[in-house]
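Peer 1: Everything below, folded, please.
(one chain, ligands or ions: 2)
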Amino acid sequence: MSDITFTPIGGAAEIGANCFLISRGNNGILLDSGIHPKKEGREALPKFELLQSPPEAVVVSHGHIDHCGSVPFLLREFPATPCYATRPTVSIMDRMLHNSVSVMTTLGKERNIPEYPLYTHSDVDYAIRQSAGMEYDREFPVSAHCPFTASFQHAGHVLGSAGILLRAEGHTLYYTGDICLTDQELLGGLQIIDMDVHVDTLIIESTRGAHLDDEERTFTSEIRRFAEEARKVLEKGGVVLVPAFALGRTQELLNIIDRLQANGELPQVPVFASGLGRAIYEVYDKYTDYLRPEVSLSPLYQFERIGDVWDPRVTRNLLKQASIVVATSGMLVENTPSAMIAQEMVRHEHHGIFFVGYLDPDTLGYKLLHANVDDKLVFQTGGNEVAVKLPNRQTFHFSAHAPREDLQHVIDKTQPTNVIFVHGDPDAIEWLKANCNGVPNKFAPDIGESVTLHA
Ligand SMILES: [Zn+2]
Ligand SMILES: [Zn+2]
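Peer 2: Residues are numbered from 1 along each chain as shown. Ligands and ions are numbered 1, 2, ... in the order given. Purely as a prediction, here's the structure:
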């Protein structure tokens with residue numbers, strides 16, 4: 001029996017274009033095929049040139065773009081390769097990837113990036129036709145002549161998100177994808193105890209490996225604080241802008257806000273949601289049986305459309321009355337709906353901008369959060385500088401990623417012979433590596449660096 005090897009094609013020691021090759025002999029399968037959230041053009045793709053033969057299959061953990069954003073490019077190169085994901089993830093990919101084509105087309109023109117878009121709408125249609133939607137916990141052969149079977153395990157991160165369990169003769173691998181062990185508003189957390197499998201190799205995300213979990217700030221206490229702070233803004237007639245990722249955070253927050261309004265903890269002001277977040281909401285609505293059993297998803301029609309935020313009259317109108325606006329992108333990337341609305345909001349003092357997720361230090365969101373009053377920022381490419389008059393900019397902690405104690409718990413429960421850390425900054429990976437005692441082999445290979453795995 002030949003050895004199994006693991007080679008990062010993208011991602012590895014960062015939150016990048018996640019893509020990992022698992023091979024035995026001549027057979028290789030890819031786990032995820034993402035796109036780098038901070039890079040542009042071909043630089044944003046995984047290093048597909050490292051692939052020596054067409055992969056037998058690509059198995060996708062969930063619909064965030066750092067995990068599935070390059071699938072249409074990959075399948076255009078290798079049209080015979082099948083793609084597998086859970087049923088909700090295939091529907092989510094359809095919407096996310098068509099949106100990516102539109103975003104890349106616009107960016108290509110604005111920033112003169114000739115290789116954009118990296119793929120077309122018809123490449124996305126092909127990729128979706130090549131994608132089989134699977135149920136959780138059902139083992140399937142990856143291909144007719146491939147030594148691996150695969151199954152999807154609940155991951156608790158966003159709708160449809162899954163860990164991937166791969167079995168070959170004499171070796172079991174578990175790739176966590178992105179995981180959350182605690183319940184969110186809509187999604188139940190991953191119960192690692194339910195898995196009940198022996199794992200030889202664990203490939204684990206490390207996003208929050210550097211963060212000490214703040215016990216003072218629980219999900220429930222953050223919701224209460226969010227309600228209190230939002231109420232102060234709304235009672236002054238202000239608008240609360242919540243920049244949020246389209247997949248996951250948007251649907252979770254809209255339901256939290258609706259519940260707080262129903263309980264009287266927030267005033268009955270209009271709640272707005274932006275385009276892609278609404279499109280993904282429809283997928284949540286189609287797959288409500290994948291949510292926590294006690295959840296009843298609020299109907300989408302309760303949330304109003306924002307309209308064309310690139311028209312200054314629309315944003316000015318939006319800011320005339322008290323409301324809550326949940327808009328993409330979460331990190332306030334220039335030219336996105338949240339940035340366009342923020343551009344108008346920061347000229348006034350009575351609104352509030354509430355961040356609810358991770359802010360990369362290079363992003364406009366991070367700069368705005370840390371700006372002093374009267375600092376100047378640019379919100380759209382080629383736009384003018386705007387002086388920030390708005391003092392009320394805050395963060396709330398609603399992570400959909402496991403804190404490091406929970407990552408340690410996954411390692412303890414699965415007792416792997418090999419653990420491979422991916423999807424995290426070097427300091428996060430260092431901490432986890434130093435704090436998982438009892439695991440014989442620990443790896444954090446770079447892109448292109450192969451690791452041989454023994455059971
Ligand atoms: Zn994710
Ligand atoms: Zn991710």
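
Peer 1: who in the chain is up against ligand 2?
Peer 2: Residues of the chain found near ligand 2 (CB under 5 Å from the ion) are 66, 178. From N, CA and C alone the C-beta is placed, and that goes for glycine too.

Peer 1: Can you give me the domain assignment for the chain?
Peer 2: The chain breaks down by automatic domain parsing into domains covering 4-211+400-453, 219-395.

Peer 1: Find the closest residue to ligand 2 in the stretch 301-450 of the chain.
Peer 2: Proximity of the stretch 301-450 of the chain to ligand 2 (CB to the ion) peaks at residue 423, 5.7 Å away.

Peer 1: residue contacts, the residue nearest to that residue when sequence neighbours are not counted?
Peer 2: Leaving out its chain neighbours, the residue that sits closest to residue 423 by CB to CB, 6 or more residues apart in numbering is residue 205, at 4.0 Å. Residue 205 sits next to 176, 177, 178, 179, 401, 402, 407, 422, 423, 424 when contact means CB atoms under 8 Å, 6 or more residues apart in numbering.

Peer 1: just for the stretch 101-250 of the chain, where's the confidence low?
Peer 2: Across the stretch 101-250 of the chain, the ranges flagged by pLDDT under 70 are 194-196, 212-216.

Peer 1: could you redo the last one with a cut-off of 50?
Peer 2: Along the stretch 101-250 of the chain, no part satisfies pLDDT under 50.

Peer 1: Check whether stretch 203-221 comes near ligand 1.
Peer 2: No - if you take CB under 5 Å from the ion as the test, stretch 203-221 misses ligand 1, and the best it gets is 8.4 Å.

Peer 1: and that stretch, how far apart are its ends?
Peer 2: Using CA to CA, to the nearest Å, the end-to-end distance of stretch 203-221 comes out at 32 Å.

Peer 1: Also stretch 376-384?
Peer 2: In terms of CA to CA, the two terminal residues of stretch 376-384 are separated by 9 Å.

Peer 1: Mind listing residues that contact that stretch?
Peer 2: Counting by CB under 8 Å, 6+ apart, 110-111, 334-335, 339-340, 342-343, 346, 364, 367-368, 371, 385-388 sit against stretch 376-384.

Peer 1: Who are the packing partners of the longest helix along the chain?
Peer 2: Looking across the chain with DSSP state H, the single longest helix is helix 87-110. The helices and strands touching helix 87-110, judged by 3 or more CB pairs under 8 Å, 6 or more residues apart in numbering; DSSP states H and E, are helix 65-68, helix 71-77, helix 121-129, strand 131-134, helix 275-286.

Peer 1: Let me see the ranges of the helices in the stretch 351-455 of the chain.
Peer 2: Remark: helices assigned in the stretch 351-455 of the chain by DSSP state H, counting those that start in this stretch are 364-370, 404-414, 426-434.

Peer 1: Could I get those in a markdown table, plus columns for mean neighbour count and mean pLDDT?
Peer 2: Below are the helices of the stretch 351-455 of the chain laid out as a markdown table (neighbours: other CB atoms under 10 Å; pLDDT from 0 to 100):
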| stretch | mean neighbour count | mean pLDDT |
| --- | --- | --- |
| helix 364-370 | 19 | 97 |
| helix 404-414 | 19 | 91 |
| helix 426-434 | 18 | 91 |
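
Peer 1: any chance of the ones you listed in JSON lines, with distance to ligand 1 too?
Peer 2: Shown next, in JSON lines, are the helices of the stretch 351-455 of the chain (distance: least, CB to the ion, whole Å):
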{"stretch": "helix 364-370", "distance to ligand 1": "17"}
{"stretch": "helix 404-414", "distance to ligand 1": "15"}
{"stretch": "helix 426-434", "distance to ligand 1": "15"}
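
Peer 1: what pLDDT does the residue positioned nearest the centre of the chain get?
Peer 2: For the chain, residue 64 is the residue whose C-alpha lies nearest the centre (CA atoms, centre = their mean; 4.0 Å). The model reports residue 64 with a pLDDT of 97.

Peer 1: Pull the contacting residues for it.
Peer 2: Residue 64 touches 34, 96, 158, 178, 245, 247, 248, counting by CB under 8 Å, 6+ apart.

Peer 1: Contacts only, for the second one.
Peer 2: With contacts defined as CB under 8 Å, 6+ apart, the neighbours of residue 96 are 63, 64, 65, 68, 69, 246, 247, 276, 280.

Peer 1: hmm, 7 Å instead?
Peer 2: Contact analysis of residue 96 by CB atoms under 7 Å, 6 or more residues apart in numbering lists 63, 65, 68, 247.

Peer 1: Do you have the helices of the stretch 101-250 of the chain handy? List them.
Peer 2: Under DSSP H, counting those that start in this stretch, the stretch 101-250 of the chain gives helices at 121-129, 219-235, 249-262.

Peer 1: The next helix or strand after the last one: partners in the sheet, and parallel or antiparallel?
Peer 2: This means helix 249-262. Sequence order places strand 271-273 as the next helix or strand after helix 249-262, per DSSP states H and E. Note on strand 271-273: by DSSP bridges, its sheet partners are strand 304-305 (parallel), strand 323-327 (parallel).
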